[in-house]
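> Let's see this in three dimensions:
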Amino acid sequence: MTDQAPPARCCPVRHWAQTAPERIALQGNTPLSYRQLDARLNGLCRQLMQAGLTPGDRLAAVVRGALEDVLLAWACVRSGIVFCPLNPAFPLPRQAELARQLAVAAFWSAGAIPAGDWQALSLDFTGELAAEGESPLAPERPSNIILTSGSSGAPKAVVHRLANHLASARGSASLIPLDGDCGWLLSLPLFHVGGYAILFRIFLAGAALVLDDRSRPLKARLECQPITHLSLVPTQLWRLLAQGFEPSRTRLRELLLGGAAIPGPLVNRLTAMGFTPKVSYGLSEMGSQVCTGQPTAAGVVGKPLPGREVCIRQGEICVRGDTLFAGYFQGGELVRPLDEEGWFHTRDKGHLTAEGELVVEGRLDNLFISGGENIQPETIEQRLVDHGAVAQALVVPVPSEEWGQRPAAFIDWHGKPVPHAELAAWIRAALPGFMVPDQWHPWPDLGGSLKPSRTLLARSLCA
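Model (predicted):
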């Protein structure tokens, strides 16, 4: 299917509502066409305006990926309201604390709304309002604030302009094409930049956003729903394979992996099924994807996508480009920590291959010294997940009177656990002996989070 892309400043939902009104935009319990989606957004935008919200106001919303969450997120895009998504796993006091830090003007939640100096919104998500004229966007305005913990566990409020997300989606489409026949599953939450970015990819292409119905196994949904594109972290894919996933029984065209070390056995198993995933490197400060490519070797994440630049400075990955964030929201102001050439220093360690592909080696902040030897935890983690029994691994330093610090490993099994001695031998076969962990622990309960906090886990072992 060949489509004409939306004009630069036109809301893509309005564009498709006018050019392909009956095409499915949202696939859920009751599918919504682009005409219906546009009408619902019109109704929501009217309610936000009647509530007294104006462009630039910040709205906190407790969201994951339900229909109402998506509608509110895009109504904010249209209205120029700064969307501030919060994790529903946060207790009410934490939600209130973050809302105060972000100085929000309004707060919406499908559940309880904490008390504070903001307007508690009550919204009707079913009402529809006919379109009137155009629905222009303002790409230069701040569009959202995504909270990211980075490696420290202390959240940073990452502000993006609308232009950042539009550039991110267009660059992504250069390597992962989308059209009106495609459907991308919203498998990542909207409070995570990887989930939020999916909205822009889908609506720019006039494709369908498939809502994540967790009441049924993912395997069953892939076999019966029009899902052609899927974003997963490795542990989600391990679970999918454990359910008996067969790509040939689905409409899947593209599978994008990221967020953790990519296990070699996982890629090999998919490749043997005739399906090769793509791997990516991204960060909130760059609006999600920076590099994407084929998983050819450990740590290789492909070349920079259009609109992104990557360089290596003293072993550190630095990035800039059209997707680079507007800054951190701190004390009511934007703080943009760039060097004199406009590069953002990621604190990720890496290098570029002769072919220009990025290899990610780990976080510079995570490196620790044991008996005079530098240990990069991600090097041990990559070796561990390349073992056929390990789904996820995380290594943190623990104090040692003799060596200063020693590695301790948390292991998530995807099959039958193996003795720790076998894992130790597996590590020694490829890495120096000082990289073998002194301690082995079961995988922690993350409470719905996609990735654990190294800082908190290291502290838990020292308590």
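
> so what are the domain limits for this structure?
25-137, 159-325+337-364, 367-462 (automatic domain parsing).

> hey, where'd the helices end up in the stretch 251-400 of the chain?
Along the stretch 251-400 of the chain, the segments classed as helices by DSSP state H, counting those that start in this stretch run 264-272, 377-385.

> of these, which approaches T148 most closely?
Nearest of the helices of the stretch 251-400 of the chain to T148, taken as Cβ to Cβ: helix 377-385 at 18.2 Å. Every C-beta, even on glycine, is put in place using the N, C-alpha and C of the backbone.

> got a list of contacts for that closest one?
Here helix 377-385 makes contact (Cβ atoms under 8 Å, 6 or more residues apart in numbering) with 234, 260-264, 266, 298-299, 360-363, 366-368, 390-397, 407, 409, 411, 423, 426-427, 430-431, 435, 437, 454.

> What score does L255 have for pLDDT?
The model reports L255 with a pLDDT of 94.

> which residues in the stretch 51-200 of the chain form helices?
With DSSP H, counting those that start in this stretch as the criterion, the stretch 51-200 of the chain has helices at 67-79, 92-101, 162-173, 193-205.

> Report the separation between P155 and A115.
Distance, P155 to A115, by Cβ to Cβ, to the nearest Å: 21 Å.

> The residue of the chain positioned farthest from its centre and C182, how far apart?
Residue farthest from the centre of the chain, counting by Cα atoms, centre = their mean, is E402 at 39.9 Å. Distance, E402 to C182, by Cβ to Cβ: 57 Å.

> now I380
I380 is 38 Å from C182, where distance means Cβ to Cβ.

> and if you look at A429?
Distance, A429 to C182, using Cβ to Cβ: 43 Å.

> before we move on, what about S33?
Distance check for S33 against C182: by Cβ to Cβ, it reads 16 Å.

> So which of the two has more stuff around it?
More crowded of S33 and C182, by other Cβ atoms under 10 Å: C182, with 23 against 18.

> residue ranges with poor pLDDT in the stretch 351-463 of the chain?
447-450, 463 (pLDDT under 70).

> could you redo the last one with a cut-off of 90?
Low-confidence segments of the stretch 351-463 of the chain (pLDDT under 90): 365, 372, 401, 414-416, 444-463.

> That one: strands as residue ranges?
Secondary structure of the stretch 351-463 of the chain, counting by DSSP state E, counting those that start in this stretch: strands at 358-363, 368-370, 373-375, 390-400, 404-413, 439-442.

> could you redo those strands as JSON lines and give each row mean neighbour count?
Formatted as JSON lines, the strands of the stretch 351-463 of the chain follow (neighbours: other Cβ atoms under 10 Å):
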{"stretch": "strand 358-363", "mean neighbour count": "20"}
{"stretch": "strand 368-370", "mean neighbour count": "16"}
{"stretch": "strand 373-375", "mean neighbour count": "15"}
{"stretch": "strand 390-400", "mean neighbour count": "22"}
{"stretch": "strand 404-413", "mean neighbour count": "20"}
{"stretch": "strand 439-442", "mean neighbour count": "13"}
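
> can you put those strands in a markdown table and add distance to P7?
Shown next, in a markdown table, are the strands of the stretch 351-463 of the chain (distance: least, Cβ to Cβ, whole Å):
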| stretch | distance to P7 |
| --- | --- |
| strand 358-363 | 33 |
| strand 368-370 | 52 |
| strand 373-375 | 52 |
| strand 390-400 | 44 |
| strand 404-413 | 46 |
| strand 439-442 | 53 |
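
> do you know which of the ones you listed lies nearest P306?
strand 358-363 (14.9 Å).

> helices and strands around that closest one, which ones?
Using 3 or more Cβ pairs under 8 Å, 6 or more residues apart in numbering; DSSP states H and E, the elements in contact with strand 358-363 are strand 344-352, helix 377-385.

> angle of that strand against strand 344-352?
With axes from the mean of the first three to the mean of the last three Cα atoms, to 10 degrees defining the directions, strand 358-363 sits at 120 degrees from strand 344-352.

> now strand 358-363: how far from the chain's centre is it?
18 Å (Cα atoms, centre = their mean, to the nearest Å).

> for stretch 210-229, same thing?
When distances are taken as Cα atoms, centre = their mean, stretch 210-229 is centred 19 Å away from the chain's centroid.

> model confidence over that stretch, on average?
pLDDT averaged over stretch 210-229 gives 93.

> Ok, which of the domains of the chain comes nearest D3?
Proximity to D3 (Cβ to Cβ) singles out domain 159-325+337-364 among the domains of the chain, at 5.3 Å.

> what about the closest one, start to end distance?
End-to-end distance of domain 159-325+337-364 (Cα to Cα, to the nearest Å): 24 Å.

> Distance from the chain centre to that domain, please.
For domain 159-325+337-364, the distance to the chain centre is 8 Å (Cα atoms, centre = their mean).

> now swap in stretch 380-391 and tell me
Worked out by Cα atoms, centre = their mean, stretch 380-391 lies 22 Å from the chain centre.

> now the end-to-end length of it.
14 Å.

> If you count neighbours, what's buried in it?
Using 16 or more other Cβ atoms under 10 Å as the test for burial, stretch 380-391 gives 380-387, 389-391.

> returning to what we had before: can I get the helices of the stretch 51-200 of the chain in JSON lines with mean neighbour count?
Formatted as JSON lines, these follow (neighbours: other Cβ under 10 Å):
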{"stretch": "helix 67-79", "mean neighbour count": "22"}
{"stretch": "helix 92-101", "mean neighbour count": "16"}
{"stretch": "helix 162-173", "mean neighbour count": "23"}
{"stretch": "helix 193-205", "mean neighbour count": "24"}
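
> Adding mean pLDDT as columns, could you present the ones you listed in CSV?
Shown next, in CSV, are the helices of the stretch 51-200 of the chain (pLDDT from 0 to 100):
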stretch, mean pLDDT
helix 67-79, 98
helix 92-101, 96
helix 162-173, 96
helix 193-205, 96
